[in-house]
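In: Return a 3D structure for these sequence lines:
(one chain, ligands or ions: 1)
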Amino acid sequence: MPMQSASQHLSMPTRLSPLISRHVAVVGAGAGGLVAARELRREGHRVVVFERNDQVGGMWVYTSKVESDPLGLDPNRAVVPSSLYDSLRTNLPRECMGFRDFPFVIRDGKGRDPRRFPSHTEVLMYLQDFATEFGIAELVRFETQVVFVGLEEDGKWNVKSKSRGGVGVDEIYDAVVVCNGHYTEPRLADIPGINIWPGKQMHSHNYRIPDPFKDQVVILIGSAASAVDISRDIAGVAKEVHVAARSVGSYTLGKQPGHDNLWLHSMISCVHKDGRVVFEDGSVVHADFILHCTGYKYHFPFLETNGALVVDDNCVGPLYKHVFPPALAPGLSFVGIPWKVVPFPMFELQSKWIAGALSNRIALPSKEEMMKDVKAFYLSLGACGIPKRYTHRMGASQYEYNDWIAAQCECAAYQEWKKQMHFVTSKRKVERPETYRDKWEDNDLVLQAQEDFKKYMV
Ligand code: FAD
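Out: Predicted coordinates for the structure are as follows:
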């Protein structure tokens, strides 16, 4: 995936003066919203964080609750904000995951998980610790949902919110930072015949525990981290699990090593009224259940930009460097849009950039220059044959992206050990999906990480 291509030609930030303190609304108190709030306040802005849940942590707040529509298609369903399953452990080592100056180190205490790839509860506790350390909770209006964000004629932002009791508040802010996450609106694969297929279906957003799959023949669609985890979780109780994957990487199709009841197939070509599922490789399975681990859609139901920003085929655009819509910058910005990334450190850098741009400490290019950069980026994606829905997918290009933002903020570049650790972990995950969390060879990188953390642990 190419970096946004014109980046190299845009000049380094220039300081503007005087610095301005703005009144900023942050939507969401997940990892993105928490670090955005911290950076905005550090920069001298006045911050209000809106959070519809009753606590910080976003998707790391586990709930056994699921939605009324297991596929998540009903627009009137009550949205459950978490997509965690009970057995989830991180797919990144804790050394990589944390914010730069608040490392995700092992802490003593009740319920803490010292493992290198800990459970979801440990991540939630880490985010709670972060919020406490930097006094973020006092900025948050809990149980308050943002229902409308729109631009006023004078360039300010109208934010309408509703608290759980139904009380509505209508306010004006100088800027809005959107950190609402993108793991609640399920995306489904297009499968010929699915409307007449008689079995049960669910999206992984509503997967919590394997029990509903006991003794069932299950087809699981997807090849990302959650598909790998959930297929193993279910294989412990199901009669058969058949994974249908578009991109199978270095895995071999057929029966998977270490399991008697787990198979990998190519994608589904069609399904039938009699329960048959036919794969592109010609194999056929009579299945009871299809579990869609097919990802999520970006969704901003509260945002009214009069067409300045649209979501089309999962591309949010136009967005300069995945953060600022050129026509509305810096008043409107987004933290956390890119995927296939190490999220928290990237959120931290994006937040520093937004905070600095809002105070006038960091200059953004003109709207025309930003738009030119976005167009050049889209052209470079097209030239590489990358589909639109992968606009925000980063992978290896995230390091260049992070370093570019760090340079804008005049802060240290991404740590070399972190890049290497992420690289070797990703490789190990593909090669050894069953054991990558508990067996590793990168102890030298762990030592480098621990040395680095000493700077922040006084
Ligand atoms: P969220 O955590 O989703 O937070 C968004 C917040 O906004 C929520 O609290 C929500 O209630 C609130 N909100 C939304 N709309 C509104 C509104 N209108 N008004 C008020 N509040 C609103 N990352 C890792 O680093 N390591 C991992 O191992 C890892 N594993 C993952 C496993 C799964 C299954 C998934 C889905 C993701 C995983 N991730 C992992 C990525 C994870 O998404 C990020 O780590 C990060 O937590 C996302 O934070 P966020 O703040 O962008 O979004």
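In: for the helix or strand of the chain with the lowest mean pLDDT, packing partners?
Out: Using mean pLDDT, DSSP states H and E, strand 254-255 stands out as the lowest-scoring helix or strand of the chain, at a mean of 86. Applying 3 or more CB pairs under 8 Å, 6 or more residues apart in numbering; DSSP states H and E, we find strand 254-255 packed against strand 262-265. (C-beta placed from N, C-alpha, C; glycine too.)
In: Strand partners (parallel or antiparallel) of the helix or strand just after the strand it packs on?
Out: Remark: after strand 262-265, the chain's next helix or strand is strand 268-271, criterion DSSP states H and E. Using DSSP bridges, strand 268-271 pairs in its sheet with strand 276-279 (antiparallel).
In: Other residues contacting the partner strand?
Out: Strand 276-279 has contacts (CB atoms under 8 Å, 6 or more residues apart in numbering) with 197, 219, 242, 244, 265-272, 284-287, 290.
In: Name the residue of the stretch 301-450 of the chain with the shortest distance to the ligand.
Out: Nearest to the ligand, among the residues of the stretch 301-450 of the chain, is G336, at 3.5 Å (CB to the nearest ligand atom).
In: Run through the residues that contact that residue.
Out: By CB under 8 Å, 6+ apart, the contact set of G336 is 30-32, 179, 181-182, 343, 346-347, 350.
In: Serialize these to a markdown table and add fields for neighbour count and secondary structure.
Out: Listed next are the contacts of G336 as a markdown table, based on neighbours: other CB atoms under 10 Å; DSSP: H, G, I helix; E, B strand; the rest coil:
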| residue | neighbour count | secondary structure |
| --- | --- | --- |
| G30 | 26 | coil |
| A31 | 28 | helix |
| G32 | 29 | helix |
| C179 | 27 | coil |
| G181 | 23 | coil |
| H182 | 20 | coil |
| P343 | 18 | helix |
| M346 | 23 | helix |
| F347 | 24 | helix |
| Q350 | 30 | helix |
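In: can you list the residues of this structure near the ligand?
Out: Taking CB under 6 Å from any ligand atom as the test, the list of the chain residues beside the ligand reads 27-33, 50-53, 58-60, 81, 83, 90-92, 97, 145-146, 179-181, 183, 226, 302, 336, 343-344.
In: V430 and A224, how far apart?
Out: According to CB to CB, to the nearest Å, V430 stands 12 Å off from A224.
In: what about the two, which has more around it?
Out: Shown here are V430 and A224; by other CB atoms under 10 Å, A224 has more neighbours (16 against 13).
In: so how far is I386 from that one?
Out: Going from A224 to I386 by CB to CB gives 17 Å.
In: does G150 count as helix, strand or coil?
Out: G150 carries the three-state label strand when classified by DSSP: H, G, I helix; E, B strand; the rest coil.
In: Number of residues surrounding it?
Out: By the criterion of other CB under 10 Å, G150 has 14 neighbours.
In: can you check H259 too?
Out: Counted with other CB under 10 Å, residues neighbouring H259 total 14.
In: I'd guess it is in a strand, am I close?
Out: No. Per three-state DSSP, H259 lies outside any strand segment and is coil.
In: ok, it - contacts?
Out: 232, 235, 241 are the contacts of H259 under CB under 8 Å, 6+ apart.
In: Where strands are concerned, which of those count?
Out: Mapping the contacts of H259 onto strands (DSSP state E) picks out V241.
In: For my notes, please list the contacts of H259 in CSV and give neighbour count and pLDDT for each entry.
Out: Below are the contacts of H259 laid out as CSV (neighbours: other CB atoms under 10 Å; pLDDT from 0 to 100):
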residue, neighbour count, pLDDT
R232, 18, 94
A235, 23, 96
V241, 29, 97
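In: So which of the contacts of H259 is the closest to Y401?
Out: Y401 lies nearest to R232 out of these, by CB to CB, at 31.6 Å.
In: Pull up the gap between that closest one and the ligand, please.
Out: As judged by CB to the nearest ligand atom, to the nearest Å, R232 and the ligand stand 14 Å apart.
In: Now that residue. Nearest residue, chain neighbours left out?
Out: Leaving aside its chain neighbours, R232 sits nearest to E434 (6.9 Å; criterion: CB to CB, 6 or more residues apart in numbering).
In: And the strand or helix carrying Y126, what's buried?
Out: In the assignment (DSSP H and E), Y126 maps to helix 120-133. For helix 120-133, the neighbour count (16 or more other CB atoms under 10 Å) marks 120-128, 130-131 as buried.
In: Dump the residues you listed to CSV, plus pLDDT and distance to A412.
Out: Formatted as CSV, these follow (pLDDT from 0 to 100; distance: CB to CB, whole Å):
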residue, pLDDT, distance to A412
H120, 98, 29
T121, 98, 31
E122, 98, 26
V123, 98, 24
L124, 98, 28
M125, 98, 27
Y126, 98, 22
L127, 98, 23
Q128, 98, 26
F130, 98, 19
A131, 98, 24
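In: For the stretch 1-150 of the chain, which segments count as helices?
Out: With DSSP state H, counting those that start in this stretch as the criterion, the stretch 1-150 of the chain has helices at 31-42, 94-97, 120-133.
In: coming back round to it: look at the residue nearest to R232 and report its pLDDT.
Out: Note on E434: pLDDT of 88.
In: What about L73, how many residues nearby?
Out: When neighbours are defined as other CB under 10 Å, L73 has 13 of them.
In: do the one 10 residues further on as well
Out: Here the number of neighbours of S83 (other CB under 10 Å) works out to 21.
In: And for L332?
Out: Counted with other CB under 10 Å, L332 comes out at 23.
In: residue in the stretch 151-300 of the chain nearest to the ligand?
Out: Relative to the ligand, the nearest point of the stretch 151-300 of the chain is G181 (2.2 Å; CB to the nearest ligand atom).
In: Just give the closest residue to D211, not the sequence neighbours.
Out: In space, and not counting its chain neighbours, D211 is closest to V237: 6.8 Å by CB to CB, 6+ apart.
In: Would you agree that neighbour is in contact with V218?
Out: No. V237 lies out of contact with V218 (CB atoms under 8 Å); the separation is 9.7 Å.
In: out of the two, which sits in the busier spot?
Out: Between V237 and V218, counted using other CB under 10 Å, the more crowded position is V218 (29 against 17).
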